[in-house]
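J.: Build me a model from this:
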Amino acid sequence: FTGANFEDADDFKSPWILMSYQEKQLPAFLNHIRAGVEIAANNEKALLVFSGGETRLEGGPRSEAQSYWWVADAHGWFVQLVY
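T.: Predicted structure coming up:
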(Lines give C-alpha, C1' and ligand atoms only; values in the text may rest on other atoms or scores of the structure.)
Protein backbone atom coordinates (compact mmCIF):
# COMPACT_ATOMS: atom_id res chain seq x y z
CA PHE A 1 0.00 0.00 0.00
CA THR A 2 1.45 3.36 -0.96
CA GLY A 3 -1.31 5.69 0.17
CA ALA A 4 -1.20 8.08 3.08
CA ASN A 5 -4.55 7.15 4.66
CA PHE A 6 -4.39 3.50 5.69
CA GLU A 7 -8.05 3.56 6.72
CA ASP A 8 -8.79 3.61 2.98
CA ALA A 9 -6.67 0.54 2.30
CA ASP A 10 -9.72 -1.69 1.93
CA ASP A 11 -10.98 0.35 -1.02
CA PHE A 12 -10.28 -1.40 -4.31
CA LYS A 13 -9.26 1.94 -5.82
CA SER A 14 -6.68 2.53 -3.10
CA PRO A 15 -3.03 2.67 -4.11
CA TRP A 16 -1.90 -0.91 -3.52
CA ILE A 17 1.00 -2.09 -5.66
CA LEU A 18 -0.43 -5.41 -6.81
CA MET A 19 0.10 -7.69 -9.75
CA SER A 20 -3.01 -8.00 -11.93
CA TYR A 21 -3.76 -11.48 -10.58
CA GLN A 22 -3.62 -10.15 -6.99
CA GLU A 23 -6.16 -7.35 -7.41
CA LYS A 24 -9.16 -9.57 -6.65
CA GLN A 25 -7.32 -10.97 -3.63
CA LEU A 26 -7.30 -7.70 -1.65
CA PRO A 27 -10.18 -8.77 0.63
CA ALA A 28 -8.28 -11.97 1.45
CA PHE A 29 -5.14 -9.99 2.31
CA LEU A 30 -7.12 -7.75 4.67
CA ASN A 31 -8.90 -10.73 6.24
CA HIS A 32 -5.54 -12.42 6.86
CA ILE A 33 -4.16 -9.29 8.52
CA ARG A 34 -7.16 -9.03 10.84
CA ALA A 35 -7.18 -12.77 11.56
CA GLY A 36 -3.52 -12.63 12.56
CA VAL A 37 -4.22 -9.79 14.97
CA GLU A 38 -7.20 -11.65 16.45
CA ILE A 39 -5.31 -14.91 16.89
CA ALA A 40 -2.37 -13.16 18.55
CA ALA A 41 -4.67 -11.14 20.81
CA ASN A 42 -6.32 -14.30 22.07
CA ASN A 43 -3.09 -16.07 22.97
CA GLU A 44 -0.85 -14.38 25.51
CA LYS A 45 2.13 -16.45 24.30
CA ALA A 46 1.64 -15.51 20.65
CA LEU A 47 3.84 -13.16 18.71
CA LEU A 48 2.43 -11.67 15.51
CA VAL A 49 5.03 -11.10 12.82
CA PHE A 50 4.10 -9.58 9.49
CA SER A 51 6.59 -10.55 6.83
CA GLY A 52 7.32 -9.13 3.42
CA GLY A 53 10.01 -6.85 2.15
CA GLU A 54 10.26 -3.97 -0.27
CA THR A 55 9.29 -6.10 -3.25
CA ARG A 56 8.38 -3.53 -5.86
CA LEU A 57 10.36 -0.47 -6.88
CA GLU A 58 7.19 1.58 -7.40
CA GLY A 59 6.24 0.88 -3.77
CA GLY A 60 9.10 3.00 -2.55
CA PRO A 61 10.87 2.37 0.75
CA ARG A 62 7.88 0.69 2.35
CA SER A 63 7.81 -3.03 3.02
CA GLU A 64 4.80 -5.28 2.64
CA ALA A 65 5.03 -6.10 6.35
CA GLN A 66 5.08 -2.43 7.31
CA SER A 67 2.00 -1.79 5.16
CA TYR A 68 0.13 -4.65 6.83
CA TRP A 69 0.93 -3.30 10.29
CA TRP A 70 -0.16 0.22 9.33
CA VAL A 71 -3.43 -1.10 7.89
CA ALA A 72 -4.21 -2.97 11.13
CA ASP A 73 -3.25 0.06 13.22
CA ALA A 74 -5.29 2.51 11.12
CA HIS A 75 -8.37 0.30 11.42
CA GLY A 76 -7.90 0.09 15.19
CA TRP A 77 -7.68 -3.71 15.11
CA PHE A 78 -4.93 -3.80 17.73
CA VAL A 79 -6.83 -1.54 20.13
CA GLN A 80 -10.15 -3.33 19.66
CA LEU A 81 -8.69 -6.76 20.35
CA VAL A 82 -5.95 -6.27 22.91
CA TYR A 83 -7.29 -6.19 26.45
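J.: Now do the same contact list for the most centrally placed residue in the chain.
T.: In the chain, the centroid-proximal residue (CA atoms, centre = their mean) is residue 68; its distance is 2.2 Å. Residues counted as contacts of residue 68 (CB atoms under 8 Å, 6 or more residues apart in numbering) are 29, 33, 50, 52. Quick note: C-beta positions are derived from backbone N, CA and C, even for glycine.
J.: Please enumerate the helices of this structure.
T.: Read by DSSP state H, the chain holds these helices, from start to end of the chain: 26-41, 64-74, 77-81.
J.: Figure out which of those is closest to residue 57.
T.: Nearest to residue 57, of all the helices of the chain, is helix 64-74, at 13.5 Å by CB to CB.
J.: Rounded mean pLDDT for the closest one, please.
T.: Per-residue pLDDT over helix 64-74 has a mean of 87.
J.: you'd agree residue 65 is up against residue 55?
T.: No - counting by CB atoms under 8 Å, residue 65 stays clear of residue 55, with 10.3 Å between them.
J.: The two: which has the busier surroundings?
T.: Remark: of residue 65 and residue 55, residue 65 carries more neighbours, 14 against 9, as counted by other CB atoms under 10 Å.
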